[in-house]
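A.B. asks: only geometry, no sequence info:
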């Protein structure tokens, strides 16, 4: 298998007392390439790696680069195992806003991953589905959890969700069905044009923290403000992403200069 490709890019770092590494790149494109390179390195080293995949616009260029690496023979994901971070509830696998659909089309199928573990957004009993998925996660350690971060609202002083762990979620929670914050629902409707449910199944903060490594990817000033609140404010349940500081030795962040500009104010 070829080892070259995804060449090193220009990088700077922001030192943080709790987070292992905050990598800063000039553009979102370069940040996404760098994050993809980190995922590729894991799979090159450990072909059977167990990886939790996030969804959303932030991840599209990252996964594009993973597919490119796979097509070029730089990485082989076929022996790896994929896990699903969160899903709207109720939501079928063919719904346009569904995260199963997103992952199947952008990750599982193009990377040839056969061993996939999906949250069932149409489960008759969401609490039992959450229990099933939590048992599944407990059976094996996750090598890498890939995360984005949700927006921060100055008006409500809430936000910074990771997965669908909204403000107020206890840090010790595991997989659960949750009521989405009105800010999230409004964003989905107004910014994304979605008619998606106001509930979701999500891995809990405790599940995420248990991964052997966590990478968080963020672009733009808006996400930078979310990270500033999470990284430099109090560690509290109103800012779920702040929980990453409790396991910061295994957290690496890939952000662009626009996001970084909010951290160094």
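C.D. replies: Perfect, thanks for sending it. Worth saying up front: this structure is predicted, and the values here are computed from it rather than measured.

A.B. asks: contacts and neighbour counts: CA atoms only from here.
C.D. replies: Noted.

A.B. asks: shouldn't residue 206 be in contact with residue 171?
C.D. replies: Yes - in this structure, residue 206 is within contact of residue 171 by C-alpha atoms under 8 Å, at 6.1 Å.

A.B. asks: Distance from the chain centre to the helix or strand hosting residue 65, please.
C.D. replies: Assigning secondary structure by DSSP states H and E places residue 65 in helix 60-71. Between the centre of helix 60-71 and the centre of its chain there are 16 Å (C-alpha atoms, centre = their mean, to the nearest Å).

A.B. asks: With stretch 174-191 instead?
C.D. replies: The answer for stretch 174-191 is 15 Å, by C-alpha atoms, centre = their mean.

A.B. asks: Kindly report the same for stretch 231-250.
C.D. replies: Centroid displacement of stretch 231-250 relative to its chain, using C-alpha atoms, centre = their mean, is 15 Å.

A.B. asks: on that earlier part again, of residue 206 and residue 171, give the one with the bigger neighbour count.
C.D. replies: Using other C-alpha atoms under 10 Å as the criterion, residue 206 and residue 171 rank with residue 171 on top: 21 against 16.

A.B. asks: Just list what the helix or strand that the helix holding residue 65 is followed by packs against, helices and strands only.
C.D. replies: Per DSSP H and E, the first helix or strand lying C-terminal to helix 60-71 is strand 81-84. Counting contacts by 3 or more C-alpha pairs under 8 Å, 6 or more residues apart in numbering; DSSP states H and E, strand 81-84 is packed against strand 50-53, strand 115-117.

A.B. asks: Need the single longest helix in this protein, by residues.
C.D. replies: Ranked by residue count, the top helix of the chain under DSSP state H comes out as helix 28-45.

A.B. asks: Report the buried residues of that helix.
C.D. replies: Judged by neighbour count using 16 or more other C-alpha atoms under 10 Å, the buried positions of helix 28-45 are 28, 30-40, 42-44.

A.B. asks: what's the answer for stretch 156-163, then?
C.D. replies: Result for stretch 156-163 [16+ other C-alpha under 10 Å]: buried residues 158-163.

A.B. asks: mean confidence score for that stretch?
C.D. replies: What stretch 156-163 shows for mean pLDDT is 94.

A.B. asks: now do stretch 20-40
C.D. replies: Mean pLDDT, stretch 20-40: 97.

A.B. asks: Name the residues that touch that stretch?
C.D. replies: Stretch 20-40 is contacted from outside by 6, 8-16, 59, 61-63, 65-66, 69, 74-75, 215, 217, 219-220, 248-258, 260, using C-alpha atoms under 8 Å, 6 or more residues apart in numbering.

A.B. asks: could you flag which of those are buried?
C.D. replies: 6, 59, 61-63, 65-66, 69, 74-75, 215, 217, 219-220, 248, 250-258, 260.

A.B. asks: Can you tell me which of the helices and strands packed on strand 81-84 is most buried?
C.D. replies: With neighbours taken as mean count of other C-alpha atoms under 10 Å, the helices and strands packed on strand 81-84 reach their highest mean count in strand 50-53, at a mean of 23.
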